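Novice: dropping the sequence and predicted coords here.
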Amino acid sequence: MAEALLRVDGLTKRFGALVAVDNVSMHVQKGEVRAVIGPNGAGKTTLFHLITGVVPPTSGTVRFGGSEITRLAPHAICQRGLSRTFQLTSLFPRMSARENAMLAAQARHPRRWMPFGGADVFTSARATGEGALEQLGLSHVADRPAGLLSHGDQRLLEIAMAMAQRPQLLLLDEPTQGLSVEETAQAVETLAQFLDKARITVLLVEHDMEVVFRLAHRITVLHRGAVIADDVPAAVKANPRVQEAYLGGIE
Amino acid sequence: MQKTNPLPALGGSAVVCLLIAAPFGLPVFAMTLLTELIILGLFAMSLDLMVGYANLVSFGHAAAYGLGAYASGYMLLNSSMPLPVVVLLAALLTGIVAIGVGWVCTLATGVSFSMLTLAFAQLLYAIAFKWTSVTGGSDGLAGIPRRAGPFSMTIFTSKTGFYYFALACLIGAYFVCRALVRSPFGFVLRGIRENEAKTLVLGYNTRLYKIAVIAIAYALGGLAGALYAPFAGFANTELLFWLLSGQALIMVIVGGQGTLIGPILGAAFFMLLEHQLSSYTEAWALFFGLIFIAFVLFAPEGIWGLAWRAFARGRAPAETRHG
């Protein structure tokens, strides 16, 4: 089998005495929807920060698409085809949803920095951006300022922006964070349909177990920074260590 | 990206025609005032590029003005190059220096960024004081000629000719700025203004964009300064002083930031008010301060924003009728 799209090997991050991520290894295959779960403080978000270059690791390597990306700057990693969303919604609130998606798409255009003219850059960014909005079912709010969208639509818009970059790997950091029960159900339905059609490789950090079991093909369980399970959803559910560390702890 | 509305273009052309016709109708002292206004308007507009479009609030934009003025003054006094060449060279030099300034200042953001721009301007101020052999120290450079050069391009150096040259610089700079803010580059600047962290993670090297816009803004500010030296015939340390930086910021905010045209109006408003108020009272700055506070509190969109709002209000009923 070819090398996994994303290979994380022996990744460790220490903040002083605290080991936030402890010797984590995982391989995400092309086309896979992988979830990373774990109780609060298990190191899920730190792992994301390490992969996307926001925080440098203490040791270990991250390889993406066959080449090493450890310690590259975030924008350089992003340019390799790895787009992420954030736990807290981060948008351009006064731009329309369409402009948000366009700016995301433009970042992949070779002439994104053109200081004059650029009508063709805008045309292609618009086409890509509107396509991404449609994938996430947001076409009907394209003209609305992003700051005025409902919370659920804002989360979906973030994903649309990531998709407008035509990434090889999409990283979603708690896509349903802060949504009400109804909003979550709706957003998950949209996401599931979108993932079925888009066939994109996804790495997903999520708290909500129902969301994870609905969306993920394979689950990695973190506990106190270390991997305690890495398997298909049914096996993870049945794993006694996981139940002890996480599932039992909640309900 | 927007539907074209013919009115702004028509209105703009009318104003430009008036400005072109001005030397034929206005007395000499008014032409002097108008020339200074054009130079100051160009200076304020260049600052708007940073403040209004990239949220880079500079407290040291006088650095650009003073550097341009000293560079053009020095070249006019010590070389035989004609005025237009000198002015453009001085602007270019300011832009090149600004790459370094931008590189240092963008290490910080927010208030720290503003303080670094101020520190850099104060540094130039100190240099201008001490480096007497080049800058003339506290006397500054005096007797700066408007040199026609070997091809005796006197069309640029007569009083009216110089006015037209300054006007051409302002209009040219306006179109450069307008193209810039409407380009893909300008779209990225908008992103930086609204949410720099997000712009960065989308894959834009935001620092390079900021350094680029600082260099362009300084080059245009330097162009204004480079015009001022031969206009006034002197360049002194006041052109590098923080007071001028503050005044430029006031012009941008009162005129309407992020509009390019607004700051030009802000400069005009500032100059005319200074002119009028100072003939009544020594404390004109106090009254100007009150007006500034009123704008910040009640009309943060500035003169240009107020004008647009009044215009839209007058127009809205008509549009619903036809729509």
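Specialist: Sure, I can see it.
Novice: could you list the low-pLDDT ranges of the chain?
Specialist: Assuming you mean chain A. Across chain A, residues meeting the criterion (pLDDT under 70) sit at A:1-2, A:246-251.
Novice: other chain: chain B
Specialist: Looking along chain B with the criterion set at pLDDT under 70, you get B:1-4, B:149-154, B:315-323.
Novice: which of the helices or strands spans the residue most central in space within it?
Specialist: In chain B, the C-alpha nearest the mean C-alpha coordinate belongs to B:Phe43, at 1.7 Å (Cα atoms, centre = their mean). Of the helices and strands defined by DSSP states H and E, B:Phe43 is found in helix B:28-54.
Novice: returning to that earlier point: residues in contact with the residue nearest to the centre of chain B?
Specialist: Listed by Cβ atoms under 8 Å, 6 or more residues apart in numbering or on different chains, the contact partners of B:Phe43 are B:His61, B:Ala64, B:Tyr65, B:Gly221, B:Ala224, B:Gly225, B:Ala248, B:Ala267. Where you see a C-beta, it was placed from the backbone N, CA and C, and this is true even at glycine.
Novice: could you redo the last one with a cut-off of 7 Å?
Specialist: B:Tyr65, B:Gly221, B:Ala224, B:Ala248 (Cβ atoms under 7 Å, 6 or more residues apart in numbering or on different chains).
Novice: please report how far it lies from B:Ser58.
Specialist: Distance, B:Phe43 to B:Ser58, by Cβ to Cβ, to the nearest Å: 12 Å.
Novice: all helices of chain A, in order?
Specialist: Assigned helices in chain A, in chain order: A:44-51, A:74-79, A:97-106, A:119-135, A:151-164, A:181-198, A:209-215, A:233-238, A:240-242, A:248-250 (criterion: DSSP state H).
Novice: these into a markdown table, with extra columns for mean neighbour count?
Specialist: Written out in a markdown table, the entries for these read as follows (neighbours: other Cβ atoms under 10 Å in any protein chain shown):
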| stretch | mean neighbour count |
| --- | --- |
| helix A:44-51 | 24 |
| helix A:74-79 | 19 |
| helix A:97-106 | 28 |
| helix A:119-135 | 19 |
| helix A:151-164 | 25 |
| helix A:181-198 | 16 |
| helix A:209-215 | 18 |
| helix A:233-238 | 15 |
| helix A:240-242 | 14 |
| helix A:248-250 | 9 |
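Novice: need the residues of the stretch 151-300 of chain B near chain A, please.
Specialist: Within the stretch 151-300 of chain B, the residues that sit near chain A (Cβ under 7 Å from any Cβ of the partner chain) are B:179-180, B:183-185, B:187-188, B:191, B:194-195, B:197-198, B:200-205.
Novice: switch the cut-off to 10 Å
Specialist: The interface of the stretch 151-300 of chain B toward chain A, taken as Cβ under 10 Å from any Cβ of the partner chain, is made up of B:175-176, B:178-188, B:190-195, B:197-209, B:212-213, B:216.
Novice: in PyMOL, select just the buried ones from the residues you listed.
Specialist: Burial among these is assessed by 16 or more other Cβ atoms under 10 Å in any protein chain shown; the matching PyMOL selection reads:
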select buried, chain B and resi 176+180+181+182+183+184+185+186+187+188+190+191+192+193+194+195+198+199+200+201+202+203+204+205+206+207+209+212+213+216
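Novice: tell me which of the residues of the stretch 151-300 of chain B next to chain A fall in helices.
Specialist: Cross-referencing those against helices under DSSP H gives B:175-176, B:178-182, B:184-188, B:190-195, B:197-201, B:206-209, B:212-213, B:216.
Novice: in chain B, which residue sits closest to chain A?
Specialist: Using Cβ to the nearest Cβ, the single residue of chain B nearest to chain A is B:Gly203, 3.8 Å away.
Novice: that residue and A:Gly53 touch, don't they?
Specialist: No. Using Cβ atoms under 10 Å, B:Gly203 is not in contact with A:Gly53, being 11.4 Å away.
Novice: list residues touching both of those two?
Specialist: Where contact means Cβ atoms under 10 Å, 6 or more residues apart in numbering or on different chains, the residues bridging B:Gly203 and A:Gly53 through contact with each are A:Pro74, A:His75, A:Ala76, A:Ile77, A:Cys78, A:Leu82.
Novice: what two of those are the furthest from one another?
Specialist: The distance between the two most remote of the shared contacts of B:Gly203 and A:Gly53 (Cβ to Cβ) is 11.0 Å, for A:His75 and A:Leu82.
Novice: which neighbours do these two share?
Specialist: Counting by Cβ under 10 Å, 6+ apart, the residues touching both A:His75 and A:Leu82 are A:Gly53, B:Gly203.
Novice: quick check: chain neighbours aside, which residue is closest to the residue nearest to the centre of chain B?
Specialist: The spatial neighbour of B:Phe43 that comes closest, neighbours along the chain excluded (Cβ to Cβ, 6 or more residues apart in numbering or on different chains), is B:Ala224 at 3.8 Å.
Novice: next, the one you found: secondary structure please.
Specialist: helix (DSSP: H, G, I helix; E, B strand; the rest coil).
Novice: enumerate every residue touching it.
Specialist: Counting by Cβ under 10 Å, 6+ apart, B:Ala224 makes contact with B:38-47, B:61, B:64-65, B:68-69, B:87, B:91, B:94, B:166, B:169-170, B:173, B:248, B:267.
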